[in-house]
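1. quick one, what's the 3D model for this:
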Amino acid sequence: MTDSKYFTTTKKGEIFELKAELNSDKKEKKKEAVKKVIASMTVGKDVSALFPDVVNCMQTDNLELKKLVYLYLMNYAKSQPDMAIMAVNTFVKDCEDPNPLIRALAVRTMGCIRVDKITEYLCEPLRKCLKDEDPYVRKTAAVCVAKLHDINAQLVEDQGFLDTLKDLISDSNPMVVANAVAALSEIAESHPSSNLLDLNPQSINKLLTALNECTEWGQIFILDCLANYTPKDDREAQSICERVTPRLSHANSAVVLSAVKVLMKFMEMLSKDLDYYGTLLKKLAPPLVTLLSAEPELQYVALRNINLIVQKRPEILKHEMKVFFVKYNDPIYVKLEKLDIMIRLASQANIAQVLAELKEYATEVDVDFVRKAVRAIGRCAIKVEQSAERCVSTLLDLIQTKVNYVVQEAIVVIKDIFRKYPNKYESVIATLCENLDSLDEPEARAAMIWIVGEYAERIDNADELLESFLEGFHDESTQVQLQLLTGIVKLFLKKPTETQELVQQVLSLATQDSDNPDLRDRGYIYWRLLSTDPVAAKEVVLAEKPLISEETDLIEPTLLDELICYIGTLASVYHKPPSAFVEGGRGVVHKSLPPRTASSESAESPETAPAGAPPGEQPDVIPAQGDLLGDLLNLDLGPPVSGPPLTTSSVQMGAVDLLGGGLDSLMGDEPEGIGGTNFVAPPTAAVPASLGAPIGSGLSDLFDLTSGVGTLSGSYVAPKAVWLPAMKAKGLEISGTFTRQVGSISMDLQLTNKALQVMTDFAIQFNRNSFGLAPAAPLQVHAPLSPNQTVEISLPLSTVGSVMKMEPLNNLQVAVKNNIDVFYFSTLYPLHILFVEDGKMDRQMFLATWKDIPNENEAQFQIRDCPLNAEAVSSKLQSSNIFTVAKRNVEGQDMLYQSLKLTNGIWVLAELRIQPGNPSCTDLELSLKCRAPEVSQHVYQAYETILKN
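-> Modelled structure (predicted):
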């Protein structure tokens, strides 16, 4: 008879009867009673009252009965901790049982009883089981350590279990190795800072050896662990890839995906020129295709992972387009995912095939799928330029079907095609206008209004068309209302005489009758623009639009790199990093792909700062967007204008106009207005006379803005740091540093394209800054920057730009423009690039100036751990234009008196105290005097940087 009989009883007074049966002398009766208890527990009845009676049944040799009692114990130990202690003795005894199954059962149950009181009693039995001669017991004990660590981490560390676990990685049994790796990975995840899995080539070798012999789940643990390892060079990466590749033919899809993850990660380190790289790409395609023959749920997980892989390395599956064609019986979630991947793989070679397929899908019965198919045709047009004409005619055929939702989707995508290819396909507008009455979805209505407004001059009855939308203005969705407002203003600017009433009507509807703040604000802006300066309004509203690209739906490159590290996990299905959906106290570590080695061609990943960069090299001084509005929105991103030094006027710092005359220039006082894509440079802002020097002093020319040119000096250059990570700039990564040579300052930039489209039309502009730094020439990137390409550029800088005191003083806000967007970032420049070559004072002048500068302007600093003598210090500083005026020895200490001059004429005087020949005291004492004391801190930092590098 089956065990189902135990679940059918509904007797009253059952607990009492069970109690009697549990205490029976007959073994069979006892076993039956325990089964009944477990059955009641399973269906949710509270049988905790029987705890002492069930625990008494533990003293038995019958393995089945023991398992049942242990199951009961795991369930109720937490609610009855005092009772659970009664079972400890049995555990300890069972851990020494001659039968390895019983030893393993005891140690497994110990790990599952999450009661603090008991844990300390379990340490000894666990220690014995970790060193047990039977591998089954050892592998169970390894997992028990991870469970115990979750309950009481300190106890596990104090007892030395972690070291024992590390030793188990070298165990002779592959299953023990796999469980030890799994346990250590689990513990390491909850303590990201601890370096538990200290992997090295030797331990990796042991893991790869165990990989071939353990069970499928063991293989997954080991592969996941390998994925967290960074090989030391491309040869090691290749050797690991060769030994992992056989896992691609495993029957378990989880093993396949884990192997794909390891290979995708280590391929980053392989040069694309290697034959092996090409072989690996070929080997990756078949297992991914095989995953698509599984049941739909598995297919979906595989497709979500393939979606990431295709974005990272489309070449893997470029010949496999047909497997992503939709089958009639695929569930909708699989169909939509396949459609997405088809578009990602679409290229000139296969576009005809793809379009024929998409046109077929557009006649399906499933509305969601049809919409997505129509949208896909538009995305193909935007992605593959040669196919645009074909796509447009396909869309027109679909519009002729007059199926409502097909027509609406087609209009939405045609709007995007107009944005991508202006002045090419506008002949279809007439066909679109015929279908105006059938549009009932907000997105389609908004798209149609945009088309009518944008091409009003080509549509004779544009005003009538827009007026027809205006009748039910308040019933429309916000999206349509906003578009209608802009559309009618565009129409007015193109045909002002005929549409004055219409524009009045829409502006009053938007501003007076609407309670939507977005709509009201846009209405007021248009109203004020039109009433104060229609020319400026025209420049703003009818400005050239940037072309759209197919990249809008791509995952941002840095996030994509992180998700590749999570292939085969939930993160790869959600397309979100674990930190976005994992709650709780566990530290979520951000993973990234390994940097390419020297032998391969691409730059390092944005996550890895250059080795040796001082920690302060990448300042977190990016201002809030609001701070940038005043200046960076007015940037003239054309080539910089070189001109005479600015005249200075004495203006208080607080009174500097933040908008820098920006509004005046927006209103178009300039003769050419804001024509085309060039911004108008704002009128030069007033320059503060000084950073705090008394005007009457001998050094009142603080901003004479001239710099002397002198001899070649080898000034210290900091290593390049990442200033603008790719994830913040749509795939453009900018690293850089500043240099000074032969009296000229330059910004050495490294631009890396981590996006999937070519970047062109680069320009750069600086915000006003404390020392007037500005580009002295345009940013010249001679060839288009292709995906994964890096270019090095040296941008000469001048110090005759607009001046505004920054916080901190050496903060530089930069805007870089390319064909995709304008990006802003901030960086701190080292002050020593501003130390000029004629900064040596004569002794008399030095003495007089030192006395003349008030004592409260003197600042004292200590440069720690600098074991250099006076000669070495002097020559090191001189190479960075800090000149020694005099040297003397006072009571066994060397005193250096030094001067330096900044590009804006500020002099800084220094006294440096060195204790020669005293190895116990390597600290230098520095006194600085300056009429602008705010620069002293930065000069001290320059001293420290130069002397310590």
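
2. C-alpha only now, for contacts and for neighbours.
-> Will do.

3. so where's the chain uncertain?
-> Applying pLDDT under 70 to the chain flags the ranges 1-13, 192-195, 550-553, 584-589, 596-714, 919-920.

4. give me the domain ranges for this protein.
-> 3-230, 346-438, 441-532, 721-829, 834-948 (the TED database).

5. and among the ones you listed, the most buried is which?
-> When these are scored by mean count of other CA atoms under 10 Å, the highest mean neighbour count falls to domain 721-829 (a mean of 20).

6. of all the domains of the chain, which one is nearest Lys576?
-> Lys576 sits nearest to domain 721-829 of all those, at 14.1 Å, using CA to CA.

7. and the closest one, end to end?
-> With CA to CA, to the nearest Å as the measure, the ends of domain 721-829 fall 11 Å from one another.

8. what does stretch 819-835 give?
-> According to CA to CA, stretch 819-835 extends 36 Å from its N-terminal end residue to its C-terminal end residue.

9. returning to what we had before: in CSV: the domains of the chain, plus distance to His319.
-> Formatted as CSV, the entries for the domains of the chain read as follows, by distance: least, CA to CA, whole Å:
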stretch, distance to His319
domain 3-230, 27
domain 346-438, 9
domain 441-532, 35
domain 721-829, 19
domain 834-948, 54
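
10. can you tell me the closest non-neighbouring residue to Leu162?
-> The shortest distance from Leu162 to any non-neighbouring residue, by CA to CA, 6 or more residues apart in numbering, is to Val156 (6.9 Å).

11. quick one: list the elements packing against the helix or strand the one you found falls within.
-> Using DSSP states H and E, the secondary-structure element containing Val156 is helix 153-158. Under the contact criterion of 3 or more CA pairs under 8 Å, 6 or more residues apart in numbering; DSSP states H and E, helix 153-158 touches helix 135-151.

12. please repeat the previous calculation with a cut-off of 10 Å.
-> Other elements packing on helix 153-158 under the criterion 3 or more CA pairs under 10 Å, 6 or more residues apart in numbering; DSSP states H and E are helix 116-130, helix 135-151, helix 161-168.

13. quick one: closest of those helices to Ser438.
-> Set against Ser438 and scored by CA to CA, the helices and strands packed on helix 153-158 come closest in helix 135-151, at 61.5 Å.

14. now the angle from that closest one to helix 161-168?
-> For helix 135-151 and helix 161-168, the angle between their directions (axes from the mean of the first three to the mean of the last three CA atoms, to 10 degrees) works out to 150 degrees.

15. and the angle from helix 135-151 to helix 116-130?
-> For helix 135-151 against helix 116-130, the angle between stretch directions is 150 degrees (the same axes, to 10 degrees).

16. show me what helix 135-151 packs onto, helices and strands only.
-> When contacts are defined as 3+ CA pairs under 10 Å, 6+ apart, helix 135-151 sits against helix 100-112, helix 116-130, helix 153-158, helix 161-168, helix 174-190.

17. now render those as CSV, adding distance to Lys851.
-> As requested, these are exported to CSV (distance: least, CA to CA, whole Å):
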stretch, distance to Lys851
helix 100-112, 77
helix 116-130, 72
helix 153-158, 62
helix 161-168, 66
helix 174-190, 61
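
18. out of these, which gets nearest to Tyr328?
-> For the helices and strands packed on helix 135-151, distance to Tyr328 was read as CA to CA. The smallest value, 41.5 Å, belongs to helix 174-190.

19. now do that closest one: which elements does it pack against?
-> For helix 174-190, the contact count by 3+ CA pairs under 10 Å, 6+ apart identifies helix 135-151, helix 161-168, helix 201-211, helix 216-227 as packing neighbours.

20. which one of these lies nearest to Arg768?
-> Among the helices and strands packed on helix 174-190, helix 216-227 comes nearest to Arg768, with 46.3 Å by CA to CA.

21. and whatever helix or strand comes next after the closest one, what's buried?
-> For helix 216-227, the following helix or strand on the C-terminal side (DSSP H and E) is helix 234-244. Counting neighbours by 16 or more other CA atoms under 10 Å, one finds that the buried residues in helix 234-244 are 234, 236-238, 240-241, 244.

22. could I get the contacting residues of the residue lying closest to Asp53 once chain neighbours are set aside?
-> With CA to CA, 6+ apart as the measure, Leu22 is the residue that lies nearest to Asp53, at 6.2 Å, once sequence neighbours are left out. Shown here is Leu22, whose contacts under the criterion CA atoms under 10 Å, 6 or more residues apart in numbering are 29-34, 37, 50, 53-57.

23. before we move on, back to that, may I see the helices and strands packed on helix 174-190 organised as JSON lines, with distance to Gln400 added?
-> Formatted as JSON lines, the helices and strands packed on helix 174-190 follow (distance: least, CA to CA, whole Å):
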{"stretch": "helix 135-151", "distance to Gln400": "64"}
{"stretch": "helix 161-168", "distance to Gln400": "69"}
{"stretch": "helix 201-211", "distance to Gln400": "59"}
{"stretch": "helix 216-227", "distance to Gln400": "53"}
